[in-house]
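> Quick one: sequence and predicted model below, then my questions.
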Amino acid sequence: MNKNNKNFLNNFKIKCISGVLTVCIATTVLISSPEQIAYANDSNSINIYINGQLLNSDESAFISNGRTFIPLRDVIETLGANVSWDEVNRTVTVTKDTSNIKLYIDNRLFSYVENGITKYDVSDVAPLIKNNHTYVPLRLVGNALGLNVSWNDTTKEVSVKDSSNPSITNFFDIKIADIENGQVLTDITRLSLIGAETLPKNATQIKYLFINPTTGEGKIVARSTSISKATTFIPNIDIQGNGILAAVVCDAKGNFLAGTCVNTSVKVNSNVSISGLTSGQSINKTVPLSANLNFRPTAIKYEFTYQDGSVYTTDELDPYGTYNYTPSIRRNGTLSVRVLAIDKNEKVYTSDYTNATIAMVSVPSNPYVALKKIKTSNVGKIPVNLSISRNFDVDTTQYYAQNVDTGKTILLKEVGWGDYQWFPGPDMAGNWEIYVRVVNSKNKKAYYSNSIKVAVPNTTSIILSGIGPDQVITGTMTMNAICNVNIEDVSYVISNPYNYTEKVMGTETSVSTKVSYTPNYINEGKRYIQAIAKTTDGKVIKSEKVAINIYLGELYGSKPITVKTNFINYVTPMALKTQKENGMSAALQVAQAILETGWGQSVPVDKYTGLLSNNLFGVKGTGNAGSVLCSTWEEYYGTVYRIDDHFRAYKSTQDSWNDHNNLLLRASRYIPYTEVMFDSTSGAYALRRCGYATDSGYPGKLIWLIERYNLDKLDNQKI
C-alpha cells in the first residue's frame, strides 16, 4: 500500500478541534480548517492548490458561516480517488484503491473501513448540496486517503498535499460507555457517556438514536436530560437488525454540540412474565396484574384459562399499566394466566403460564358490608346518595334510619342491590343513624353495615331539575323539580334582574311533570329561573334562583384551520421543530392534533363573535391572545347541560403548539410521559396514565392514526 492510502482507518479518525477548516466536495466538498477560518471574510475568493498546483474548476469556492466550501471532485480524481453518488439514499462514497469513506447528505454521520470492518462516527459538519453540487467534508476524505489539508488565512488558500503521516484525531472526546463495535443488544441496556466532562457548559441533553446504516436515518430510542447521568435503552420490538447506536449531545434548543456512535445490532431476546400473581396462589379478591417486559411492544393482553377449559382474553391494554382482575364465584377452580405482548405486525410474544386457584367464597371468612361516607350537612337540603361496599353477593339491600332519641326504625328503601337517593323532609326532623341490612344470596343470612349519624333539619326543600347555573339557553328549555314534601302544585317563574319583572312559564300538580318554555328575543340576556310550590298543608316553598343566559342570535361553531387533506402537512413543521428541541415524538404530536381538532376542521371559535382561537388542543384558560367562549359540559343535581367556558386563544397556531408542549413538559403530573415521549406508542399510553384524557381508548386512537397514516416516518432523524 502506498503512502497515499496507508492505514486508511488510522488516517480517518479526525478531530476538528475548535474551528477546524472544512472543505467540501463536488461532486463538491467542504473542508475544515484551523480556527483562523472563523475570521475569514465571506467575500474573499479562495484558491485551491493540489500538490502545489492551482486547481482549475468550474465551481467556485465560498465561505459560509465561517466555513470554507470548495468544489472538490476534481481534487479527489486528480489524486487518484473516485467519487460516486447514490441518489436514492443521498450518499457520497469516495474510493481509493481498497479504501473508501461514505458520507450522508445533510447528516453528520459518516462511515469508513478499518481492517476490513465498517465503522461509523460523527463529524461536526454535515455534507450539503448547493447549486446541484454535493459538498462533503474534505478533511475526512483527505485524512482517510493520506492527504494533508491546510489553510492560509493571509492568502486565502487551501493546500491539499499527499502525505504519509497526516495528523489524526477524533472529532469529539466522548464515547458511549460499555458498548463495543459490533455488539449485539438483546435486552434492556444502560447507556452513558465517557468524556461528558469535555462537553461545553450549554450541553443539556443527550438523544440516543438507532440508525439505519443504508439511509443514515433513525429514531430516538433513549434520552437523558443530564449529560452526566445514565439512561436506559429498552429495545423497541419493531426496531431490530443491524444499525448504528449514536449519542447526540444538544443544548436546550436541540442544537447539535457533539456526537459519537458505534456499529451495533438489536436482536431482542423477548422476555415476558406476569407480576401480581404467583404460581399456586389462591385468589379470593381482586388481583392487580402487570407485565414485566424487556422490550417495548405495541400493546399487551391477558389470557385467562379456567377449569372448564374456557378462555377469556382482554382487549389490548397499556403495556406499562395495571389490570385489576376480579374473578367470580362461578369460576372457582384452577386458573392459568399468561401475558400476550403484541408488536405492530400483530406478532405475539407470550409469557409462561402462571397457575393459580380461584377460591371465591359465597360467604367470606371475614364478610363485611360498609355504608359509604356522605356529606351529612347536605341531608334534608338536597338529595344525598346512599351506597355500600361489600365482599359477597346479596339479593336484598335495605336502607334503614333509626331515630336516636326514640329508637324508632324506618325502612327507607329496599332494593336487590344498588344505591338509593335519599331526600328526607320535615317529617323526619331529628337525629338519626343510617345503616344498611343486606341478605347474603347463598346462605340467606343477614349482615349489617356501620351507621352514620345525621341531623335532618325541619325544613322543606325544592330543587330545580333540567337546567343548571350559567346554562346558555338557545331555544326551548324543559324543566321539572325535586321536593322533599308533598305538594299541590308547582309553578316555574322566569324573572328579569334588570327591571324586576316576572313571568310564570307553566304550572303543574306534580314536581315530576316537565314544563317546556320557549323564550322570545325580548327575553335575551341574563335571567333567573325559580320553582315555587304550594305544599299540601298550605305552605309556599321556593327553590334557589338559578341564573341562566338566554341568547337567540347567531352562534358560531368551530372552524377549519386548513383543508383536511393538508392538515398533516400544516402541522408537521411544528411537530418537527419540537422534536428537534426536546425529542418529543413528532408522530405522536401530529396524531394528537388530528384527534383533538378532527383533522383541523374543528378549531374552537368564540361562539358569539366567530373569533378563531388557533387552539389546536382544546386547552381551557387564557392564551397570548386572550380567550374565546365555547360550550362545555357541567352537571347540576344529575342534570348534564352546556355552559360557556373560556378556551385559550393564540396569535398563531405555532403559539398554541408551543403552549401545549410547555404544558406537557413542565407540569409535574406529566413526568412519566416526558420519560418516554420520544417513543410514539409508549408516549400515547403515558398520556392516558398521566390523566391527559379520560377516554380509556385514547392511546389506541393515537396509535391507530400513526399506523394508518404512516406518521411513524416523521420520527426518522438524521444527525
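Done, it's in. Numbers count the residues shown, from 1 in each chain.
> which residues in the stretch 551-700 of the chain form helices?
Under the criterion DSSP state H, counting those that start in this stretch, the stretch 551-700 of the chain carries helices at the ranges 567-582, 586-597, 653-666, 671-674, 680-689, 698-708.
> any idea of the angle the fifth one forms with helix 698-708?
The one in question is helix 680-689. On the basis of axes from the mean of the first three to the mean of the last three Cα atoms, to 10 degrees, helix 680-689 is oriented at 160 degrees to helix 698-708.
> now what about helix 680-689, what contacts it?
The set of residues that contact helix 680-689 without belonging to it, under Cβ atoms under 8 Å, 6 or more residues apart in numbering, is 296, 298, 318-321, 584-585, 587-588, 591-592, 672-673, 675-677, 693, 695-696, 698-699, 702-703, 706, 711-712, 715. C-beta here means a position set from N, CA and C on the backbone, and glycine is covered the same way.
> cool, the last one as well?
The list of residues contacting helix 698-708 from outside it, by Cβ under 8 Å, 6+ apart, reads 298-299, 316, 318, 344, 587-588, 591-592, 594-595, 680-681, 684-685, 687-688, 692, 695, 711-712.
> And for the first one?
Contacting residues not belonging to helix 567-582 are listed as 205, 252-254, 561-562, 584-587, 589-590, 593-594, 597, 599-600, 616, 653-654, 657-658, 661, 665, 677, 709, 711, 714-715, 717 [Cβ under 8 Å, 6+ apart].
> What residues sit buried inside that helix?
Of the residues in helix 567-582, 567-568, 570-572, 574-582 count as buried by neighbour count, 16 or more other Cβ atoms under 10 Å.
> circling back: buried by neighbour count, from the contacts of helix 698-708: which ones?
Going by neighbour count (16+ other Cβ under 10 Å), these have 298-299, 316, 318, 344, 587-588, 591-592, 594-595, 680-681, 684-685, 687-688, 692, 711-712 buried.
> I'd guessed K503 sits against V493; true?
Yes: in terms of Cβ atoms under 8 Å, K503 counts as a neighbour of V493; the distance is 6.9 Å.
> between these two, which one's more packed in?
Neighbours were tallied for K503 and for V493 using other Cβ atoms under 10 Å; the higher tally belongs to V493 (18 against 12).
> can you pull the buried residues of the helix or strand containing that one?
Take DSSP states H and E as the rule and V493 turns out to sit in strand 487-495. Burial within strand 487-495, assessed by neighbour count using 16+ other Cβ under 10 Å, is assigned to I487, V490, S491, Y492, V493, I494.
> what's the answer for stretch 356-374, then?
Neighbour counts using 16+ other Cβ under 10 Å place A356, I358, M360, P367, V369, L371, I374 of stretch 356-374 among the buried residues.
> Quick check: the third one is in a helix.
No: with DSSP: H, G, I helix; E, B strand; the rest coil as the criterion, M360 is coil rather than part of a helix.
> ok now stretch 706-714, how far from the chain's centre?
Relative to the mean C-alpha coordinate of its chain, stretch 706-714 is positioned 15 Å out (Cα atoms, centre = their mean, to the nearest Å).
> Do me a favour and get the end-to-end distance for that stretch?
Stretch 706-714 has an end-to-end distance of 10 Å (criterion: Cα to Cα, to the nearest Å).
> Where do the strands of the stretch 251-400 of the chain begin and end?
Listed from the start of the chain, the stretch 251-400 of the chain has strands (DSSP state E, counting those that start in this stretch) covering 256-266, 272-275, 282-283, 287-293, 299-306, 311-313, 323-325, 333-342, 348-350, 354-358, 369-371, 384-386, 388-390, 394-403.
> Could you list every helix and strand that the fifth one packs against?
The reference is to strand 299-306. On a contact count with 3 or more Cβ pairs under 8 Å, 6 or more residues apart in numbering; DSSP states H and E, strand 299-306 meets strand 287-293, strand 311-313, strand 323-325, strand 333-342.
> can you give me the mean pLDDT across it?
When pLDDT is averaged over strand 299-306, the result is 97.
> same deal with the last one?
Averaged over strand 394-403, pLDDT sits at 95.
> In JSON lines: the buried residues of helix 567-582, plus distance to N132 and pLDDT.
Formatted as JSON lines, the entries for those read as follows, by distance: Cβ to Cβ, whole Å; pLDDT from 0 to 100:
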{"residue": "F567", "distance to N132": "33", "pLDDT": "98"}
{"residue": "I568", "distance to N132": "29", "pLDDT": "98"}
{"residue": "Y570", "distance to N132": "30", "pLDDT": "98"}
{"residue": "V571", "distance to N132": "31", "pLDDT": "98"}
{"residue": "T572", "distance to N132": "26", "pLDDT": "98"}
{"residue": "M574", "distance to N132": "30", "pLDDT": "98"}
{"residue": "A575", "distance to N132": "30", "pLDDT": "98"}
{"residue": "L576", "distance to N132": "25", "pLDDT": "97"}
{"residue": "K577", "distance to N132": "28", "pLDDT": "96"}
{"residue": "T578", "distance to N132": "32", "pLDDT": "96"}
{"residue": "Q579", "distance to N132": "29", "pLDDT": "96"}
{"residue": "K580", "distance to N132": "27", "pLDDT": "95"}
{"residue": "E581", "distance to N132": "32", "pLDDT": "95"}
{"residue": "N582", "distance to N132": "35", "pLDDT": "95"}
